[in-house]
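Student: Give me the fold of what follows.
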Amino acid sequence: MKTSLQKKLFTKILKSVSRSFYLSLYFLPKKIRYTISLGYLIARITDTIADTSEVPIDIRNQLLETLKHHLLNAN
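Tutor: Numbering: from 1, shown residues only. Reported below is the predicted structural model:
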């Protein structure tokens, strides 16, 4: 995390999508909490995209490919 604002936003998002996961983070060592949380949120995003019936499957596939591209090319 670079700023306290980023940390607050990340925490707010995490608490809103899974309170039980958020609370369980405090049993992990501090140095890995962010990485584990980020992995969890990425999994939630992909699951939401894949499971929604509101969006046609070809668009969902495009979204997942775009996310994959950004994750593989992140610095």
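
Student: switch to C-alpha atoms for all contacts and neighbour counts from now on
Tutor: Fine.

Student: any idea how far the residue sitting nearest the centre point of the chain lies from residue 58?
Tutor: In the chain, the centroid-proximal residue (CA atoms, centre = their mean) is residue 41; its distance is 1.9 Å. To residue 58, residue 41 is 23 Å away according to CA to CA, to the nearest Å.

Student: List the buried residues in the longest helix seen in the chain.
Tutor: What stands out as the longest helix in the chain, according to DSSP state H, is helix 30-51. By neighbour count with 16 or more other CA atoms under 10 Å, helix 30-51 contains the buried residues 33-34, 37, 41, 49.

Student: any idea how far the residue nearest to the centre of the chain is from residue 17?
Tutor: Taken as CA to CA, the span from residue 41 to residue 17 is 8 Å.

Student: And residue 5, by the same measure?
Tutor: 19 Å.

Student: do residue 40 as well
Tutor: Going from residue 40 to residue 17 by CA to CA gives 10 Å.

Student: Contacts only, for the residue nearest to the centre of the chain.
Tutor: Contacts were defined as CA atoms under 8 Å, 6 or more residues apart in numbering; by that measure residue 41 touches residue 14.

Student: separation between it and residue 61?
Tutor: On the measure of CA to CA, residue 41 and residue 61 end up 18 Å apart.

Student: And the lowest-mean-pLDDT helix or strand in the chain, what's buried?
Tutor: One helix or strand of the chain scores below all others by mean pLDDT, DSSP states H and E: helix 4-17, with a mean of 86. For helix 4-17, a neighbour-count test (16+ other CA under 10 Å) marks 10, 14 as buried.
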